[in-house]
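Q: Build me a model from this:
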Amino acid sequence: MDIKAKRVQDSMAETVHIVRPNHLNGANRLFGGILMQWIDEVAGIVAKRHAMMNVTTASVDNLRFMKGAYQNEMVVIVGRLTYVGTTSMEVRVDTYVENKEGVRKAINSAYFVMVALDENDKPVPVPQLIIETEEQKVEWESAKKRREIRSQRKVEGF
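A: Residues are numbered from 1 along each chain as shown. Okay, the predicted model is just below:
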């Protein structure tokens, strides 16, 4: 099977959510679990667009909550590929609160490892990633380091 390489922007995804009362935790901020669901969905969309097949979340790294989001705020979630292996893909997901003027302030970031699956839920090869910018090159090299750390954690059992 010939798998054509793709560019980062070919699979990028952005979603927008309004924080509703049912999304709030006891402190009247966006519940972290709701945000995790939203960012996992964006990571899945990015990976599925790249692989053009079903994917599953294998791991989540560096999930950082920097600031809360509150009722009626617009939450913008942007996902993009940073690295592609044989069957796995790393997706960076950045989350922002956007004000009425369109200014975005970062509130969360995370790296997801997604794996492409065939109809029997077995990992399958994915297209390679075309790196075009210096920023993409930096992300790729950082992703290789994160991949090594994940491998070491697996060997050490944590």
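Q: shaky segments in this structure?
A: Scanning the chain for pLDDT under 70 picks out the ranges 1-2.
Q: run the last query once more with 80
A: Applying pLDDT under 80 to the predicted model, the residue ranges of the chain that meet it are 1-3, 158.
Q: Next, please give the residue ranges for the strands of it.
A: Using DSSP state E, the strands of the chain run over residues 6-7, 13-18, 55-65, 74-84, 88-98, 104-116, 129-130.
Q: List the buried residues of the fifth one.
A: What it means is strand 88-98. Along strand 88-98, the positions that meet the burial threshold by neighbour count (16 or more other C-beta atoms under 10 Å) are S88, M89, E90, V91, R92, V93, D94, T95, Y96, V97. All C-beta spots, glycine's among them, are computed from the backbone N, C-alpha and C.
Q: I'd like to know which elements it is packed against.
A: Under the contact criterion of 3 or more C-beta pairs under 8 Å, 6 or more residues apart in numbering; DSSP states H and E, strand 88-98 touches helix 32-51, strand 74-84, strand 104-116, helix 134-156.
Q: any idea how far A69 is from F31?
A: Per C-beta to C-beta, to the nearest Å, F31 is found 10 Å from A69.
Q: quick one, which of these two is more surrounded?
A: Neighbour tally, F31 and A69, criterion other C-beta atoms under 10 Å: the higher count belongs to A69, 24 against 16.
Q: from the chain's centre, how far out does stretch 16-26 sit?
A: With C-alpha atoms, centre = their mean, to the nearest Å as the basis, the distance from the averaged C-alpha position of stretch 16-26 to the chain average is 20 Å.
Q: Name the surrounding residues that touch it.
A: Among residues not part of stretch 16-26, those counted as contacts by C-beta atoms under 8 Å, 6 or more residues apart in numbering are 30-32, 34, 38, 69-77, 98.
Q: buried set for that stretch?
A: Under the neighbour-count criterion of 16+ other C-beta under 10 Å, stretch 16-26 has H17, V19, H23, L24 buried.
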